[in-house]
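Colleague: sequence and computational prediction follow.
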Amino acid sequence: MIYPTGRAIAAAALGAPVALAAGLYAGGVWPLAAACGALVGGLVAADAVLGASRRRLAVTIQAPREISAAGDDGQLEIGLTFARGLFTPRRAELALATNDRLTARPDRGSAPVSERQARLRFRLHAERRGEGRIESLWVRWRGPLGLAFKQRRVDAPEPIPVISDIARAKEEAIRLFSRDAAHGEKIEFDRGEGSEFQSLREFEAGMDQRTIDWKQSARHGQLLSKEYRTERNHPIYLVLDTGRLMCEPLDGAPKIDRALNAALLLGYACLKTGDRVGLFAFDARPRVFSKAAAGVRAFPVLQSVAARVDYSNEETNFALGLTSLSSELDRRALVVVFTDFADSIGAELMMETLARLAKRHQVMFVVFRDQELEDAAQAEPLAPDDVSRAVVAGALLKERQVVLTRLRRMGVEIVEAPLERVGSLLISRYLDLKRRDRL
């Protein structure tokens, strides 16, 4: 795109009153005044031709791989290299626009061109979790006469994941997995009721007699018991409901963001113990799916995949979502479902789908305790409306417990906890299932 600068517009505007005055007072010279306007137009065209080429402009973009949703900033660096020519611009200007996940600070800037190169830097501030995008990126510069702008739109970089801030949660997971915990407590995660042989130890009263190794006992002249360790390399799938109910706020943030933090914390714990972790998100239809990966090094990849989980105002289709997930699982897995429900009627289809899933897989159902409902049910009634509110809240809480009780009878593990305790309870329940070889 080529268009005149303010200097060219001012020169052309100045010629208009001159031409008008010449036409009124000296009619014979008005063609000369009109020629001034044509001269300005010709100079603008010449300036555009002499300016640096738009097609031969080389642009390099260095964007951050990810930005934390905790309010951390990332740096976007853009380098411009103009082709060798008769005239090189003195300055280059750049403007960009982002989506609602990011804010550019500032959103436009300019830099001097030295040896045909210019470099501009912008700060990208994360507004909320998701995929941050540079929607548009424009570069412009003046010609040697300063009368014409040459402008070019640059291809935007790849989306920048805005990941959940789980630094504290990760520290908590590391603390839980420390073998030298506080107060001298030592935590053993390997030993359990698994099927992989670990070692032999002296048999003690109270131990299961079925673990006695009679051949080794005879050889050593004392009773020896087999000790097993929990198996590794189990597939763990973190399943996130991103429908309308999960996008409602909970303690100042959407429930889905709270669930993602807890899911990533559990995912880190699973990777730490040698299991494989994948992620699946759905609302009215499947949205995000990643195959289970192993190793702590896979955790950044898991975070990037989680950044693609978006907000939705659609109703959740449990039948389609969980059936699609089941078709992707080729062996028994631990399926951890983060969701919410309003009443027992709306949860019927969800329970039917979870019952089918629980026949083949170990299912863990995670919900946040509804503190608002509990407060409303227990609040002291001071007005007639308070009584009605307490009755409705009590009925909803009762229906909620009915749903959870039915799920327990189906063999589904239930984790219902306050917001601040969900992460630690998830890890404890996961380790308990792992020790008992329930995965």
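Modeller: That came through fine. Numbers count the residues shown, from 1 in each chain.

Colleague: which parts of stretch 324-335 are buried?
Modeller: Of all the residues in stretch 324-335, those buried under the rule 16 or more other Cβ atoms under 10 Å are 325, 329, 333, 334, 335. In this view, the C-beta of every residue, glycine as well, is placed from N, C-alpha and C.

Colleague: kindly format the C-alpha coordinates of it as PDB.
Modeller: Extracted in PDB, the C-alpha atoms of stretch 324-335 (Å, rounded to 0.1, in the frame of the first residue of the first chain):
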ATOM      1  CA  SER A 324     -15.100 -40.100  21.400                       C
ATOM      2  CA  LEU A 325     -12.400 -40.300  24.100                       C
ATOM      3  CA  SER A 326     -13.200 -44.000  24.700                       C
ATOM      4  CA  SER A 327     -12.700 -44.800  21.000                       C
ATOM      5  CA  GLU A 328      -9.200 -43.300  21.300                       C
ATOM      6  CA  LEU A 329      -8.100 -45.500  24.300                       C
ATOM      7  CA  ASP A 330      -6.600 -48.800  23.300                       C
ATOM      8  CA  ARG A 331      -5.900 -50.100  26.800                       C
ATOM      9  CA  ARG A 332      -7.200 -49.600  30.400                       C
ATOM     10  CA  ALA A 333      -6.500 -46.100  31.600                       C
ATOM     11  CA  LEU A 334      -7.200 -43.800  34.500                       C
ATOM     12  CA  VAL A 335      -9.700 -41.200  33.200                       C
END
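
Colleague: for the protein, longest helix please?
Modeller: Longest helix in the chain, counting residues (DSSP state H): helix 384-409.

Colleague: got the buried residues for that helix?
Modeller: 389, 390, 393, 396, 397, 399, 400, 403, 404, 406, 407.

Colleague: again, but for stretch 126-144
Modeller: So, applying 16+ other Cβ under 10 Å, buried residues of stretch 126-144: 126-127, 129-134, 137, 139-144.

Colleague: stretch 236-254 now?
Modeller: Buried residues in stretch 236-254, counting neighbours by 16+ other Cβ under 10 Å, are found at 236-247, 250, 254.

Colleague: widest-spaced pair of the residues you listed?
Modeller: Greatest spatial distance among the buried residues of stretch 236-254 (Cβ to Cβ): 236 and 244, at 26.7 Å.

Colleague: hmm, back to that, pLDDT, distance to residue 342 and secondary structure added to the buried residues of stretch 236-254, as JSON lines?
Modeller: Output for those, formatted as JSON lines (pLDDT from 0 to 100; distance: Cβ to Cβ, whole Å; DSSP: H, G, I helix; E, B strand; the rest coil):
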{"residue": "236", "pLDDT": "96", "distance to residue 342": "28", "secondary structure": "strand"}
{"residue": "237", "pLDDT": "97", "distance to residue 342": "25", "secondary structure": "strand"}
{"residue": "238", "pLDDT": "97", "distance to residue 342": "23", "secondary structure": "strand"}
{"residue": "239", "pLDDT": "97", "distance to residue 342": "19", "secondary structure": "strand"}
{"residue": "240", "pLDDT": "96", "distance to residue 342": "18", "secondary structure": "strand"}
{"residue": "241", "pLDDT": "96", "distance to residue 342": "13", "secondary structure": "strand"}
{"residue": "242", "pLDDT": "94", "distance to residue 342": "16", "secondary structure": "coil"}
{"residue": "243", "pLDDT": "93", "distance to residue 342": "11", "secondary structure": "coil"}
{"residue": "244", "pLDDT": "92", "distance to residue 342": "10", "secondary structure": "coil"}
{"residue": "245", "pLDDT": "92", "distance to residue 342": "6", "secondary structure": "helix"}
{"residue": "246", "pLDDT": "93", "distance to residue 342": "12", "secondary structure": "helix"}
{"residue": "247", "pLDDT": "91", "distance to residue 342": "14", "secondary structure": "helix"}
{"residue": "250", "pLDDT": "83", "distance to residue 342": "14", "secondary structure": "strand"}
{"residue": "254", "pLDDT": "89", "distance to residue 342": "16", "secondary structure": "strand"}
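
Colleague: what is the nearest of these to residue 222?
Modeller: residue 236 (39.8 Å).

Colleague: right, and the helix or strand after the longest helix of the chain?
Modeller: Counting by DSSP states H and E, the next helix or strand C-terminal to helix 384-409 is strand 413-417.
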